[in-house]
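Colleague: Test case, fold it:
(chains A and B)
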Amino acid sequence: MIQYIIRRLLLAIPTFFGATVVVFFIVQFAPGGPYEQQLNALRKGQGSEGGGSALGTEMMSIPPSQLEALQRYHQVNEPIWKRYLMWLGMFPRPVNDYLALIDTPQNVGQNHRIIVKKDVNGQFSVHEAENDNGPLSGWYVDPSKKENSVWVYQRGVSGIFTLDFGRSERYRKPVTELIAERLPVSMQFGLISFVITYVVCFYLGTQKALRHGSRFDVISSSMVFIAFSIPGWALGAVLLVLLGGGSALAWFPTGGFQSTDYEAITAWEKIGDRAWYFVLPTIAYTLGGFASITLLMKNSLLDTLGQDFVRTAYAKGLRENRVVWMHAMRNSVIPLVASIGGIIGIFLAGNYLVEYAFNIDGIGRLSFEAIGSRDQSVFFAFAVISIIITLVGSIISDFMLALVDPRIRFS
Amino acid sequence: MTKASPVKTSQSINQRRWKKFKGIRRGYYSMLLLLGAYALSFFLPLMVNNKALIVSYNGEWSSPATRDFFASLPLVGSLAPSSFDPAEKYGEVGVQAEANYRVLQAKWDAAGSENYVIMPMYPFGPNEDVTVGGNEKFVGPFEADGYGLPRPFGTDDVGRDVLSRMAYGFQVSMSFALLIAILEYLIGVPIGAMMGYFGGYVDLTMQRVMEIWTALPFLFLIIIIVSFVEPTFSLLVFLLVIFSWLGIATQMRAQFYRERSRDYVAAAVSIGVPTRSIIVKHILPNTLVPIITFFPFALVGGISALVSLDFLGFGMPPPTPSWGQMIGVGLSNITRYWLVAVPFGAMFITLTLVVFIGEGIREAFDPKVFSRLR
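Modeller: So this is what the prediction gives:
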């Protein structure tokens, strides 16, 4: 079992790198990234407010030192593979980058001053400004275009692996913080639809298998497939129009995920409020997911019911209920258990279409809007998180399968 | 498929399957209906258009609608304003804008002049908005617009006719989905076949590639790409195809893997049949079942992907009529129920038909028999 798990985990590593490389390249080719935005902002002399087109605005020349600082901050001059590794957090990148005049004390952080000295061979070394005890380790020096000054920096590793997804240009916050703020809402939806999906599919699949070929079976098959093919958000739009106070009934709110007075109400009312807001989006979230799992359950149970040990159980004179629930069911839920991992994908990644349609402030909508406002770090982070979740989901699936079905881990 | 033989007793398996499919009425009629509607939709410029079918002015004939029809044929760039006749041409002195044929018709009819206009069956185009005289925003369904002309499904937020856009949207969606499904097959089937047949390193490497591909949030990446590249019909098709060939490839791989160990393949190998003809002539016909049963799913996938992209505003360039864009407009004008109901209804019916066809095909092609003891 342990061997199987290790093998499975090792296989996920190249997949992770492959997928992140694809995403990295796509995003790198996207124009209007943070570097260009800040550059434009500097050109227009508005600090770092917004990018936008430079048409008709007076171009201001950027001080070379500022341009250099920006280029260094975004590592524009580094080769792309190095940037990829830095972004992943596998290659050290400059942190605490300062432009320092040679032989002049430079403030770095609180109550800390360093001084760059140039020796006779033209080699630079970094020293404490006060109490100099020889060259400091951990500080590096890069040449600068500016006269008589150099860049001094420390190296540090920070990137995806250290959970550093960069900063959002639009919200002026670390992306991790932004995502953490919005995660609970997306997770609540994910959790609710996860539970509903499995309960409904288990029941429906079992009934369909037991009543295979009946009118109920045929009709429910069609319905489940139609629900599968219709995009959830589109159904959500119709529900909003019909029940969400659009044109007909106003049973449910028109969007969002909580009332404006949410903070003021009691705990019980909070639950009620949430539920009231969640009904329509949850329907939109879940409906499409019924088809595959219901059919999985049905086919698996049907297969088992045709096997010899079930015949034996019947021949012993056991009651139908006992045969189905005690004998057949244990073998039939294997594929259902195995599919649990896949659903974890929906769970955290957030469905931006539904969130967008219902105006829910989840991570999906956040990332989608980030594409529109060219807030690169945010949608970048979302893409990477989706990849990680998909991978983790498939690993969990395989574990579960190996756990419940001994044939797999020994083959 | 084998040649049809006149002797009734020797029906090929595919003939039997086809016969069985025809016997499944719901699937069969759904297919007839969908194919019929799609075939008819190519003639939309002649049936649903604001441009006249025939204009006779001072003894001269012209047919802007027919020109539209020809311009729309190669699918791509279908909605370029191809037939532009300034109103000046028809006697409206000094008017450089496009002729409003409905107005011309009313005017000439009233005057009893010799000139006449014959309009298409439904005289409203998908893209004529408030800038065209007499179009109103948010005309309700079955209400009349400024000219007293009935608008069965109303107009949208910029005065475009909803029925007309819905009809053209069907054309766009179906063409898009069909094209994607076909291209997906052209890539996925050979790749899956190679993986299944050769196994070994080919299979392993490709499996890694496919794993990477499935781990990518493809719709999201497409949105990112489209956000900085001007989307066109062909670009969207291309992007969706490179992300969606995996489904059929996985199916084909499994099939080929299974068929490869059959005796007939061993026999073919041992008598020295070249690999290519083993794959194409011997195994491929035996994998017809997944190829055909998977097709409706590919269609559904294509339609939903396009509708979703359009809804988010990263699909077809405006003002292409598309269901997703229409639902998006409806969602921001939620009190005008027809703006959501009409495109959703159209999509619902289309997808339902595809689902019924799929069920029929599965039943005819893949009769999984479960034997139960009780």
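Colleague: okay, CA-based contacts and neighbour counts for the rest of this
Modeller: Fine.
Colleague: who's in contact with stretch B:153-169?
Modeller: B:41, B:44, B:48-49, B:122, B:124-130, B:135-143, B:151-152, B:321-323, B:329, B:338-339, B:342-343, B:346 (Cα atoms under 8 Å, 6 or more residues apart in numbering or on different chains).
Colleague: for residue 257, helix, strand, or coil?
Modeller: Unless you meant another one, I'm taking chain A. coil (DSSP: H, G, I helix; E, B strand; the rest coil).
Colleague: returning to what we had before: ok, of the contacts of stretch B:153-169, which come out buried?
Modeller: B:41, B:44, B:48-49, B:122, B:124-130, B:135-141, B:151-152, B:321-323, B:329, B:338-339, B:342-343, B:346 (16 or more other Cα atoms under 10 Å in any protein chain shown).
Colleague: what's the burial count for residue 269?
Modeller: Picking chain A for this. 12 (other Cα atoms under 10 Å in any protein chain shown).
Colleague: I was thinking of chain B, sorry if that wasn't clear
Modeller: Using other Cα under 10 Å: B:V269 sits among 13 other residues.
Colleague: Now for it: which residues touch it?
Modeller: By Cα under 8 Å, 6+ apart, the neighbours of B:V269 are B:275, B:278.
Colleague: one more time with 10 Å, if that's ok
Modeller: B:263, B:275, B:278 (Cα atoms under 10 Å, 6 or more residues apart in numbering or on different chains).
Colleague: so how far is chain A from it?
Modeller: 29 Å (Cα to the nearest Cα, to the nearest Å).
Colleague: Any stretches of the stretch 201-350 of chain A with poor pLDDT?
Modeller: The model of the stretch 201-350 of chain A has pLDDT under 70 over residues A:246, A:342-350.
Colleague: What of chain B?
Modeller: B:1-9, B:74-83, B:93-94, B:133-134, B:367-374.
Colleague: where exactly do the helices run in the stretch 51-200 of chain A?
Modeller: Taking DSSP state H, counting those that start in this stretch as the criterion, the stretch 51-200 of chain A carries its helices at A:64-74, A:80-88, A:175-210.
Colleague: and of these, who's closest to B:G112?
Modeller: Taking Cα to Cα, helix A:175-210 is the member of the helices of the stretch 51-200 of chain A nearest to B:G112, at 65.7 Å.
Colleague: Show me which residues of that closest one are buried.
Modeller: Residues of helix A:175-210 classed as buried: A:175-176, A:178-179, A:182-183, A:185-191, A:193-194, A:196-198, A:201-202, A:204-210 (neighbour count, 16+ other Cα under 10 Å).
Colleague: show me where the stretch 201-350 of chain B has helices.
Modeller: B:218-228, B:233-244, B:246-260, B:263-270, B:275-277, B:288-312, B:323-332, B:337-365.
Colleague: what residues does the stretch 151-300 of chain B put near chain A?
Modeller: Residues of the stretch 151-300 of chain B lying near chain A by Cα under 10 Å from any Cα of the partner chain: B:208-218, B:220-229, B:297, B:299-300.
Colleague: So for A:S411, what's the pLDDT?
Modeller: Here, the pLDDT recorded for A:S411 equals 54.
Colleague: Repeat that for A:K44.
Modeller: 69.
Colleague: who's in contact with B:P123?
Modeller: B:46-53, B:101-102, B:149, B:161, B:164.
Colleague: now the residues of the stretch 151-300 of chain B next to chain A: which count as buried?
Modeller: Buried among these by 16+ other Cα under 10 Å: B:208-218, B:220-227, B:297, B:299-300.
Colleague: and the helix or strand harbouring B:S30 with helix B:337-365, angle?
Modeller: Using DSSP states H and E, B:S30 maps to helix B:25-41. Orientation of helix B:25-41 against helix B:337-365 (axes from the mean of the first three to the mean of the last three Cα atoms, to 10 degrees) gives an angle of 130 degrees.
Colleague: Can you give the distance from the helix or strand just after helix B:25-41 to the centre of its chain?
Modeller: Next helix or strand after helix B:25-41 toward the C-terminus (DSSP H and E): helix B:44-47. Computed by Cα atoms, centre = their mean, to the nearest Å, the chain-centroid distance of helix B:44-47 equals 17 Å.
Colleague: B:T293 reaches B:R362, doesn't it?
Modeller: Yes. Counting by Cα atoms under 10 Å, B:T293 touches B:R362, with 5.7 Å between them.
Colleague: which neighbours do the two share?
Modeller: Common neighbours of B:T293 and B:R362 (Cα under 10 Å, 6+ apart) do not exist.
Colleague: domains of chain A?
Modeller: For chain A, automatic domain parsing gives the domain ranges A:63-164, A:175-404.
Colleague: out of these, deepest packed?
Modeller: domain A:175-404 (a mean of 19; mean count of other Cα atoms under 10 Å in any protein chain shown).
Colleague: What is the nearest of the contacts of B:V269 to chain A?
Modeller: Using Cα to the nearest Cα, B:D263 comes nearest to chain A of these, at 24.8 Å.
Colleague: so who does that closest one touch?
Modeller: B:V269.
Colleague: Can you show me the strands along the stretch 101-250 of chain B?
Modeller: B:116-118, B:143-144, B:150-151 (DSSP state E, counting those that start in this stretch).
Colleague: How about chain A?
Modeller: A:93-101, A:105-107, A:113-118, A:124-128, A:139-143, A:149-156, A:167-168, A:173-174 (DSSP state E).
Colleague: Quick check: B:A268 vs chain A, distance?
Modeller: 30 Å.
Colleague: I'd guessed that residue sits against B:R276; true?
Modeller: No. Judged on Cα under 10 Å, B:A268 makes no contact with B:R276 at a distance of 11.4 Å.
Colleague: Give me the more crowded residue out of the two.
Modeller: B:A268 (15 against 9).
Colleague: The nearest residue to the more buried one once chain neighbours are set aside: what's it in contact with?
Modeller: Nearest non-adjacent residue to B:A268, counting by Cα to Cα, 6 or more residues apart in numbering or on different chains: B:I278, 6.9 Å away. Applying Cα under 10 Å, 6+ apart to B:I278 gives the contacts B:197, B:260, B:264-266, B:268-269, B:272, B:284.
Colleague: residues near B:T275, how many?
Modeller: Neighbours of B:T275 (other Cα under 10 Å): 14.
Colleague: separation between the closest residue to it other than its chain neighbours and B:K281?
Modeller: Once flanking residues are discounted, B:T275 sits nearest to B:V269: 7.7 Å by Cα to Cα, 6+ apart. Counting by Cα to Cα, to the nearest Å, the separation of B:V269 from B:K281 is 13 Å.
Colleague: Equivalent analysis for A:P63, please.
Modeller: A:P63 is 70 Å from B:K281, by Cα to Cα.
Colleague: ditto for A:R83
Modeller: 49 Å.
Colleague: Kindly report the same for B:R336.
Modeller: Distance from B:R336 to B:K281, by Cα to Cα: 56 Å.
Colleague: number of nearby residues for the residue nearest to B:E359 when sequence neighbours are not counted?
Modeller: Distances taken as Cα to Cα, 6+ apart place B:G27 nearest to B:E359, at 6.7 Å, with adjacent residues excluded. When neighbours are counted by other Cα under 10 Å, B:G27 registers 24.
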